[in-house]
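Asker: All I have is the shape, not the residue letters:
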């Protein structure tokens, strides 16, 4: 790429062209601000309703920026900085705004939501959890009230009527998963009055990189028809006795595990089976048990709480509520932990977070670390970035990484550093990658006389208080994953600033440099002093991607510290590899889900046409002219049409569930097509198109059979009697990616033998 092409494609270049006019309009914003300061509250409300009715777009935005600034100062006692006005305009122009931690993104998002609402748009401001959604809506409500905008928040504790009422507001705060699950539930409504989410118009995404990139490929699942998915205790016990390196091998990225020849022989001998014969179920069970044993770790990937598995969100460091693993892995881990296996069920519908977001007409968002994923945001969403300078210069000092040989030497070094800084009354925040690591460091600190506050997935009930108090003199806080915590760390007083401000210690690099930057950003907010440093070890999971790093173990000094610059470069290299792999998985997931999403939209359009009109009814009538004429005479044409409509809806829903099951099964085995020199994506698309081509014909044929055979009454048809019934119970959950590998390598080795 040439120099000028790189210049035009640099982060923020497109957005610069979109909002470059703002710098010239700042004097006008100031002038209008003085004018609006003379207005009464009632006049402010009236003015807000008039701004977007007439005039040129930039004039409207200039006037609204001045009015929003005045309204925020009156209601929240916060006068938005120029930088926050830049963020506001960036959001109203449909961009992703990058603003550092502590720069006031919550207020910026609220002002933008009001701006869209005053243009007649419906706005969903989505965050990463219910707590932030409810807190932020309550906090910003006085601003919305003064501007004449109705706001509400969605939470998991609301009744159905409260939820529907909230969604009718002009601005709705909610977690992205709550909105997604409600969209899935709406998929099966029989009457317009049951709809929860009336439409997806504008979405403003808080922590946009986390939602749009890190969690984009997470499937949201609606399940029903309760069944029991049992794990295999015999296989779990057998797998637990296998030896790594001898009986199975783990891939360098630690995302796949496969039996060696010796492992295959051992399993076949113990179970008296041919793993690669006709007994595919045993092979699948062995692979699941092996993955659960070798790659899924307690207090890292999950907790055991009250006899149940609780998954830990890798990007949030907290319990992922309602989340479970797919494909029998959940049952395999439960057997591994000797727990009762939980209910499974038929998937009624599913969609990824990315598909949910693509359903909005306008997408924009805010985050502290967007530039690093600028290419991904452009590729997957067509979004540009507006980098906003901090209000005050960042004076935080980011020290070079300190690299150690082993986890043990790394933790000792971290504790030594904390003890030294604690003696000087300096506050310290330690960011860890897992619950186990946070507890290990906390215990080491206790033995040195330091009682650290611990914030991890096991207990985040006092989260806000712990984070808010982390800036006190001498405070030591240990936390897993700081992204999305939603609370600033403010220095308690001038003495803390004089001691150097907050020290952030990273106990190992994350797989994404953005997560590192989010942790660093907790120090040095709003011009505060502070510093950050990351301690890494050659045993960190990230370093498994670069086996050559192990040769630097010999260069460690008596404390395990490695001073080699080449070794430090390998840490950066390993992180770039991890980021590249995650982007590739994202792209791969979207390529598989894109066609499914298109088919889903076609089905929803057809379903809406049936529910709201006459779609399909005339076709069924045409197939059974004598039958329906007889029914019309006996029960009335309206009753017969209503019954046919119900049959069509139930039949279409059942047919979609079948198609979804087919696609999931197809996806699981599609990579084996590489053995036949086929491209998996092309094979998947070809087969899914073929399976979908007869979808509507099947629906009509099945509906016609029911209408022909069913017994009608003046109330219509007793649908459950003909197998058309809703599940006795439904529930929603997040499914993790199906990351455990296919059996290709094992199959090929077996064929070779």
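Answerer: Perfect, I can see it now. Given the structure is predicted, the values throughout are model-derived calculations rather than measurements.

Asker: Enumerate the beta-bridge partners assigned to the residue lying closest to residue 507 once chain neighbours are set aside.
Answerer: The shortest distance from residue 507 to any non-neighbouring residue, by C-beta to C-beta, 6 or more residues apart in numbering, is to residue 432 (4.5 Å). From N, CA and C alone the C-beta is placed, and that goes for glycine too. With beta bridges defined as DSSP bridges, residue 432 has these partners: residue 480.

Asker: From residue 502, how far off is residue 432?
Answerer: From residue 432 across to residue 502, the span is 16 Å (C-beta to C-beta, to the nearest Å).

Asker: ditto for residue 383
Answerer: Distance, residue 383 to residue 502, using C-beta to C-beta: 32 Å.

Asker: what about the two, which has more around it?
Answerer: Higher neighbour count among residue 383 and residue 502: residue 502, with 28 against 22, using other C-beta atoms under 10 Å.

Asker: and that one, what does it touch?
Answerer: Neighbouring residues of residue 502 by C-beta atoms under 8 Å, 6 or more residues apart in numbering: 426-429, 470-471, 489, 491, 496, 522-524, 528, 530.

Asker: Type out the ChimeraX command that picks the buried ones from those.
Answerer: Buried members of those, identified by 16 or more other C-beta atoms under 10 Å, are gathered into one ChimeraX selection as follows:
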select :426,427,428,429,470,471,489,491,496,522,523,524,528,530
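
Asker: Just give me the closest of the contacts of residue 502 to residue 578.
Answerer: When these are compared for distance to residue 578, the smallest value, 22.1 Å, is given by residue 522; criterion: C-beta to C-beta.

Asker: Which helix runs longest in the protein?
Answerer: Longest helix in the chain by number of residues (criterion: DSSP state H): helix 565-612.

Asker: now it: mean pLDDT?
Answerer: Here helix 565-612 scores 89 as its mean pLDDT.

Asker: Please name every helix or strand in contact with that helix.
Answerer: In this structure, helix 565-612 makes packing contacts with strand 343-352, helix 353-358, helix 374-381, strand 402-404, helix 637-669, helix 680-692, helix 695-709, judged by 3 or more C-beta pairs under 8 Å, 6 or more residues apart in numbering; DSSP states H and E.

Asker: Name the nearest residue to residue 238, ignoring sequence neighbours.
Answerer: residue 270 (5.3 Å).

Asker: Three-state assignment for residue 395, please.
Answerer: Classification of residue 395 by DSSP: H, G, I helix; E, B strand; the rest coil places it in coil.

Asker: Please name the residues that touch residue 164.
Answerer: Residue 164 neighbours (C-beta under 8 Å, 6+ apart): 195, 196.

Asker: go again using 10 Å as the cut-off
Answerer: Residues touching residue 164, when contacts are defined by C-beta atoms under 10 Å, 6 or more residues apart in numbering, comprise 158, 182, 193, 194, 195, 196, 197, 198.

Asker: next structured bit after the helix or strand it falls within?
Answerer: Using DSSP states H and E, the secondary-structure element containing residue 164 is helix 160-167. Toward the C-terminal end, the helix or strand that comes next after helix 160-167 (DSSP H and E) is strand 171-175.

Asker: Any stretches of the stretch 1-150 of the chain with poor pLDDT?
Answerer: Applying pLDDT under 70 to the stretch 1-150 of the chain flags the ranges 1-17.

Asker: Go again with 50.
Answerer: Applying pLDDT under 50 to the stretch 1-150 of the chain flags residues 1, 3-5, 7-8.

Asker: can you check the chain too?
Answerer: Low-confidence regions of the chain, defined here as pLDDT under 50, cover residues 1, 3-5, 7-8, 738-753.

Asker: Not counting sequence-adjacent ones, nearest residue to the residue positioned nearest the centre of it?
Answerer: Centroid check for the chain by C-alpha atoms, centre = their mean gives residue 215 as the closest residue, at 2.7 Å. Ranked by C-beta to C-beta, 6+ apart and with sequence neighbours excluded, the top spatial neighbour of residue 215 is residue 353, at 5.2 Å.

Asker: quick revisit: can I get the contacts of residue 502 in CSV with secondary structure and distance to residue 697?
Answerer: Compiled in CSV, these are given as follows (DSSP: H, G, I helix; E, B strand; the rest coil; distance: C-beta to C-beta, whole Å):
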residue, secondary structure, distance to residue 697
426, coil, 72
427, coil, 68
428, strand, 66
429, strand, 61
470, helix, 62
471, helix, 65
489, coil, 61
491, coil, 68
496, helix, 71
522, coil, 58
523, coil, 63
524, coil, 63
528, coil, 66
530, strand, 65
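
Asker: between the contacts of residue 502, which is closest to residue 208?
Answerer: residue 522 (18.6 Å).

Asker: what sits against the closest one?
Answerer: Here residue 522 is in contact with 101-102, 396, 429, 431, 467, 470-471, 477, 479, 482, 485, 487-489, 502, 504, 530, 532 (criterion: C-beta under 10 Å, 6+ apart).

Asker: show me where the stretch 51-200 of the chain has strands.
Answerer: Along the stretch 51-200 of the chain, the segments classed as strands by DSSP state E, counting those that start in this stretch run 96-98, 123-127, 151-153, 171-175.

Asker: now for the third one, which elements pack on it?
Answerer: Identification of packing neighbours for strand 151-153 by 3 or more C-beta pairs under 10 Å, 6 or more residues apart in numbering; DSSP states H and E yields helix 105-117, strand 123-127, helix 130-146, helix 160-167, strand 171-175.

Asker: Now do it: everything it contacts.
Answerer: Here strand 151-153 makes contact (C-beta under 10 Å, 6+ apart) with 110, 113-114, 117, 123, 125, 127, 130, 132-138, 140-141, 143-145, 158, 162-163, 165-175, 178.

Asker: strands paired with it, and their directions?
Answerer: strand 171-175 (parallel).

Asker: again with the first one
Answerer: When sheet partners are counted by DSSP bridges, strand 96-98 sits next to strand 362-367 (parallel), strand 385-387 (parallel).

Asker: again with the second one
Answerer: Sheet partners assigned to strand 123-127 using DSSP bridges are listed as strand 171-175 (parallel), strand 202-206 (parallel).

Asker: Indicate which one of these is closest to residue 306.
Answerer: Nearest to residue 306, of all these, is strand 171-175, at 23.3 Å by C-beta to C-beta.

Asker: what inclination does the closest one have with respect to helix 130-146?
Answerer: Strand 171-175 and helix 130-146 meet at an angle of 170 degrees, taking axes from the mean of the first three to the mean of the last three C-alpha atoms, to 10 degrees as the criterion.

Asker: list the buried ones in strand 171-175?
Answerer: The neighbour-count criterion (16+ other C-beta under 10 Å) identifies 171, 172, 173, 174, 175 as the buried residues of strand 171-175.

Asker: quick one on the thing from earlier: next up, the contacts around the residue nearest to residue 215.
Answerer: Contacts of residue 353 were listed using C-beta under 10 Å, 6+ apart, and they are 126, 176-177, 179-180, 211-220, 734.

Asker: if I look at it, how far off is residue 504?
Answerer: Distance from residue 353 to residue 504, counting by C-beta to C-beta: 29 Å.

Asker: Identify the residues contacting the residue located most distally from the centre of the chain.
Answerer: Distance to the chain centre peaks in the chain at residue 633, reaching 54.6 Å (criterion: C-alpha atoms, centre = their mean). With contacts taken as C-beta under 10 Å, 6+ apart, residue 633 has the following neighbours: residue 640.

Asker: Roughly how far does it sit from residue 626?
Answerer: As for residue 633, its distance to residue 626 is 11 Å (criterion: C-beta to C-beta).

Asker: what does residue 116 give?
Answerer: Using C-beta to C-beta, we find residue 116 at a distance of 56 Å from residue 626.

Asker: For the stretch 151-300 of the chain, which segments count as helices?
Answerer: Assigned by DSSP state H, counting those that start in this stretch, the stretch 151-300 of the chain shows helices spanning 160-167, 176-186, 208-209, 233-240, 261-271, 280-294.
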